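Participant: Got a predicted model here, sequence first, then my questions.
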Amino acid sequence: MNKDKIKIINKFKKKDWNEIKAHDSWIIFKVMAEFVEGFEKMAKIGPSVTIFGSARTKADNKYFKMAEEIAGKLAQKGYGVITGGGPGIMEAGNKGACEAGGSSAGLNIELPFEQFSNNFINADKLINFDYFFVRKVMFIKYSQGFVVLPGGFGTFDELFEAITLIQTGKIGKFPIVLVGKSYWTGLI
């Protein structure tokens, strides 16, 4: 037997499968609670566009300024703006919408090492999630389009989720705008 196979077998032997199985059956209630809260809060947002991008983009970055400007223009045209609710591009999107008098929603994910919610989210439209998949359902269900700025794995995950659902016919087609040609060239 090779070394990698032995490592994998040993890792699985150390797992306490009974504990995992017992805990899993109760998770469904937490998941349902997140769906209910999300559906109740987001049902009031109206036509909206989601802005995705890096949590680590600083306020002096050109993409931060672009996200803020795009969000402001969307709000002026009557669209709500939805973001992941955190710092960086997400904060820029919420700030632009807020300053233009528009609806500003933040679908925040609770992580142990980052992701605090920003101060530009309407109080009734801040939702904290533990589960990424519930959060992504809310983005997809309540957005009429996506604006995607440069970001990391989370941004890619959100983008590819939408593209996959459109490509497989699970949701209807809607606009997905990629901002930053040099960043996206070669990927799509």
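Facilitator: Okay, I see it. Numbers count the residues shown, from 1 in each chain.
Participant: switch to C-alpha atoms for all contacts and neighbour counts from now on
Facilitator: Fine.
Participant: where does this protein have low pLDDT?
Facilitator: Across the chain, the ranges flagged by pLDDT under 70 are 1, 15-23, 115.
Participant: where exactly do the helices run in it?
Facilitator: For the chain, the helices defined by DSSP state H cover 3-14, 17-42, 62-76, 89-99, 132-142, 153-167, 181-184.
Participant: okay, these, which one's buried deepest?
Facilitator: Of all the helices of the chain, helix 89-99 has the most neighbours on average by mean count of other CA atoms under 10 Å, namely a mean of 29.
Participant: CA-only coordinates of it, as PDB, when you get a sec.
Facilitator: Written as PDB, here are the backbone C-alpha positions of helix 89-99 (Å, rounded to 0.1, in the frame of the first residue of the first chain):
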ATOM      1  CA  ILE A  89     -15.900  45.800  -2.500                       C
ATOM      2  CA  MET A  90     -19.000  44.800  -0.500                       C
ATOM      3  CA  GLU A  91     -18.700  47.900   1.700                       C
ATOM      4  CA  ALA A  92     -18.200  50.000  -1.500                       C
ATOM      5  CA  GLY A  93     -21.400  48.600  -3.000                       C
ATOM      6  CA  ASN A  94     -23.500  49.200   0.200                       C
ATOM      7  CA  LYS A  95     -22.000  52.700   0.600                       C
ATOM      8  CA  GLY A  96     -22.800  53.700  -2.900                       C
ATOM      9  CA  ALA A  97     -26.400  52.500  -2.600                       C
ATOM     10  CA  CYS A  98     -26.900  54.100   0.800                       C
ATOM     11  CA  GLU A  99     -25.500  57.500  -0.200                       C
END
